[in-house]
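**Q** what would the 3D arrangement of this be:
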Amino acid sequence: MHILNDICYAGELREGIKVTEAKPLRVGMILGTFSTGERRLLDTTLLKRTCF
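**A** Numbers count the residues shown, from 1 in each chain. Predicted coordinates for the structure are as follows:
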């Protein structure tokens, strides 16, 4: 776990990792592939939209 800009993240901070692909699935779900080869299923349904 680490904290960056007052946000707490699960996992260790690793420099240089980039998103290489983001594939939308059903509503609110994204399959993300990273430069490390790792793939993660991201659930965006809890994110809130903010307008400025």
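**Q** in which helix or strand does the residue nearest the centre of the chain reside?
**A** When Cα atoms, centre = their mean is applied to the chain, the residue found nearest the centroid is Leu42 (6.3 Å). Assigned by DSSP states H and E, Leu42 belongs to strand 39-43.
**Q** could you do Ile30 as well?
**A** Assigned by DSSP H and E, Ile30 falls in strand 29-34.
**Q** tell me the buried residues in that strand?
**A** Judged by neighbour count using 16 or more other Cβ atoms under 10 Å, the buried positions of strand 29-34 are Ile30. Yep, even glycine has a C-beta here, placed from its N, CA and C like the rest.
**Q** thinking again about what came up before, so who does the residue nearest to the centre of the chain touch?
**A** Met29, Ile30, Leu31, Gly32 (Cβ atoms under 8 Å, 6 or more residues apart in numbering).
**Q** circling back: using PDB, write out the CA atom coordinates for the strand holding Ile30.
**A** C-alpha atoms of strand 29-34 as PDB (Å, rounded to 0.1, in the frame of the first residue of the first chain):
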ATOM      1  CA  MET A  29     -16.500  -2.800 -16.700                       C
ATOM      2  CA  ILE A  30     -13.100  -2.300 -18.400                       C
ATOM      3  CA  LEU A  31     -10.400  -4.900 -19.100                       C
ATOM      4  CA  GLY A  32      -7.100  -3.100 -18.700                       C
ATOM      5  CA  THR A  33      -3.800  -4.400 -19.900                       C
ATOM      6  CA  PHE A  34      -0.600  -2.900 -18.600                       C
END
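**Q** perfect, that will be all.
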